Each structure stands twice: as structure tokens, then as C-alpha cells.
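Peer 1: Sequence and predicted model, in that order:
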Amino acid sequence: TAGVLVGAVAGAAFAAMGLGAGEEELDEIDLEELTDRDAVTVMMEEFREFSPGGAEALIDERDAFIAHNLVSLRRQGKSVVAVVGAGHRAGIERYLRNPETLPPMESLVGRADSKGVPWFKLIGIAFSLGFLAFFVLLAMAGVRNGFLLRLFGAWFVVNGVFAGGLAKLAGARWDSALVGGGLAWMTSVNPLLAPGWFSGYVELRHARVNVADIGTLNELLADEERPLKEVVSDMFDVPLFRLIMVVAMTNVGSMIGTALFAAYVLPLFGAELGGVDAVTRLMLQGARRSFDLIVGGLT
């Protein structure tokens, strides 16, 4: 789903920038092997297959930008020594051999046109604020109505337990699981948000993710002789894979919680009022009364 894709692309982007790599892992890396042309080419190709958009932004556009500046300095008659990352070497050299293939500099440094009204962004913000406002009004109504308070509490607990629980099973830290579970009640009914984004963000602050994780995963998947259980177990030891799974399982848990609440918990509450429709009417009435109280207090 959207949460899984965004979480995966975010993890790959941060990995490509080298965030989260600790000294302990750097000490274990063979620099000659890491900068070997063949090894770097393989890693770049794997990254491009995994995230074409990320590769374009993090590799291709940077190659072109650096090459533009080197070509400009060369035309000024200057001699320059450029020290670049191994992943950028081939692309920059290709542009230097064929400067005519360089894309326009404006396309690399230009900013998005800010003219006009960003309707999509405004609609998304309004949609999210509308959901949040409704639940705030509902919570206020719950203070006056014990039934609504119990209903809201059940919604919070069911979503939180499944979202946070599956995140923890995927290897999330406690703080990541608690953040994802704590926000699942709101994000599960808002199509523009996903609880996995939040649990993944917190997890990324502690995960030692780097671009070499992609190669490690490919090596594990290429081993056809080992039992599947062992392969999956080793994959969870790879920070990038564990990050993706935390994001995915948080979202899956929230979806399961939402489905179970609608199928089993809500009918139990509806039985007290004579049907699920009555619960919906009570929620709307409670939110409307809370809104009237706020308006009355302000006027």
C-alpha cells in the first residue's frame, strides 16, 4: 500500500545518503572491495531497480550537476582535481566524455513554480484536519456520554494493539511500536496518512541503514540451498529490510484492527442502541453538540 511504498523509498533514500551508519559497521567494511568498480556498478543497478525515482534524484541529477561545474571550469582553462563518491564516478566520467549529453543546468537547480494555488496540498491538509477535528469533537462528547467514551476507547485500543503489536513482531523498538500503535486510531480512517510512516520514522533514527544492505539482501535471496526459515531470519538482521517490515506490519496491523473493529466490536456496541446505524447517529449528534458548545462559548 501507500504506507509500505513510501516507507520503502524513504528507507532507500536515507540509506543512499549514508545516514545511520555506525563506526562499528564502518570498521567491518573492506574499502577496496567497496570501491571496486564492479561492486559499485552492481549496487547502483540494484538501487536503480529498487527505486528508479530515488536513483534519478540521488545519482543521475547529482552526476550531471557535478559534471556541469567541471565542464565549466575546464572551459575556463582551469585544472581541477575532483574527489567524488564511487557511485558517482562512472556517470560523471560519461558526461565529461560527452558534454553535449548534459541536461540543461536549469533543470537541475530550478525550483518548482510557486505561482498558483496548490489545491492538492490544501485539500490534503483540510481532509486531515477535518478528521482530527471530528475525533476531537467526538472525544469531547465522550466526556458527557459514557457510551461514546467507551466506543472511542475501544477504537483506540483495537487499532493500537494490532498496529503496535505487529510492528513489534517485525522487530521494531518499543518507542517505534508505541508511536505507530498510538496513532493508528487516527491514521486508519485517514487515507492520506499511514501509521507505518510514523513508526518507520522513529525506527530510522536508530537503524544503521546503508546502501550495502541491498547487496546483502540479494546475496541472501540468491542462496537457494539454505532453508527458507533461516534466510528470512537473516533478512531481519539487515537494517533496511527490518525497517521496511516495521513500516509494512504497522500498516497491516492497523488495517486488521480496523476490519475486526467494524466486523465484531462495533456490532456489540450497536446492540446496546438497536443497530450500527444508531451508533453512527449518536456519534454525529455528539460531535455536533460539541461543536455547538464551542461556538456558543466563543460567541
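Peer 2: In hand now; what should we look at?

Peer 1: Isn't Thr187 up against Pro195?
Peer 2: Yes. Thr187 is within contact range of Pro195, at 4.6 Å (criterion: Cβ atoms under 8 Å). Any C-beta I mention is one placed from the backbone N, CA and C, and that applies to glycine too.

Peer 1: ok, these two, which is more surrounded?
Peer 2: Pro195 (30 against 24; other Cβ atoms under 10 Å).

Peer 1: give the contact list for that one.
Peer 2: Counting by Cβ atoms under 8 Å, 6 or more residues apart in numbering, Pro195 touches Gly3, Ala163, Gly180, Gly181, Leu183, Ala184, Thr187, Ser188, Thr250, Asn251, Gly253, Ser254.

Peer 1: Which strands and helices lie in contact with the longest helix belonging to the chain?
Peer 2: The longest helix of the chain (DSSP state H) is helix 119-144. Packing partners of helix 119-144 (3 or more Cβ pairs under 8 Å, 6 or more residues apart in numbering; DSSP states H and E): helix 146-169, helix 174-187, helix 276-298.

Peer 1: just to revisit the earlier point, for the contacts of Pro195, which single residue is the most surrounded?
Peer 2: Busiest of these [other Cβ under 10 Å] is Thr250, holding 38 neighbours.

Peer 1: you'd agree that residue is up against Gly180?
Peer 2: Yes. Assessed by Cβ under 8 Å, Thr250 is found in contact with Gly180 at 4.0 Å.

Peer 1: Can you work out which residues contact both of the two?
Peer 2: Joint contacts of Thr250 and Gly180 (Cβ under 8 Å, 6+ apart) are Ala163, Gly164, Ala167, Ala172, Pro195, Gly196, Ser199.

Peer 1: So the residue lying closest to Thr187 once chain neighbours are set aside, which state does it fall into?
Peer 2: Nearest-residue entry for Thr187: Leu193, 4.1 Å, with adjacent residues in sequence omitted and distances by Cβ to Cβ, 6 or more residues apart in numbering. In three-state terms, and counting by DSSP: H, G, I helix; E, B strand; the rest coil, Leu193 is coil.

Peer 1: Point out where this protein drops to low pLDDT.
Peer 2: Scanning the chain for pLDDT under 70 picks out 1-44, 46-48, 50-51, 54-55, 110-117, 138-139, 141-144, 189, 191, 276.

Peer 1: Looking at it, name the residue that lies furthest from the middle.
Peer 2: Gly77 (45.9 Å; Cα atoms, centre = their mean).

Peer 1: What's the separation between it and Phe131?
Peer 2: Counting by Cβ to Cβ, to the nearest Å, the separation of Gly77 from Phe131 is 61 Å.

Peer 1: If anything else comes up later, I'll come back, but that's it for now.
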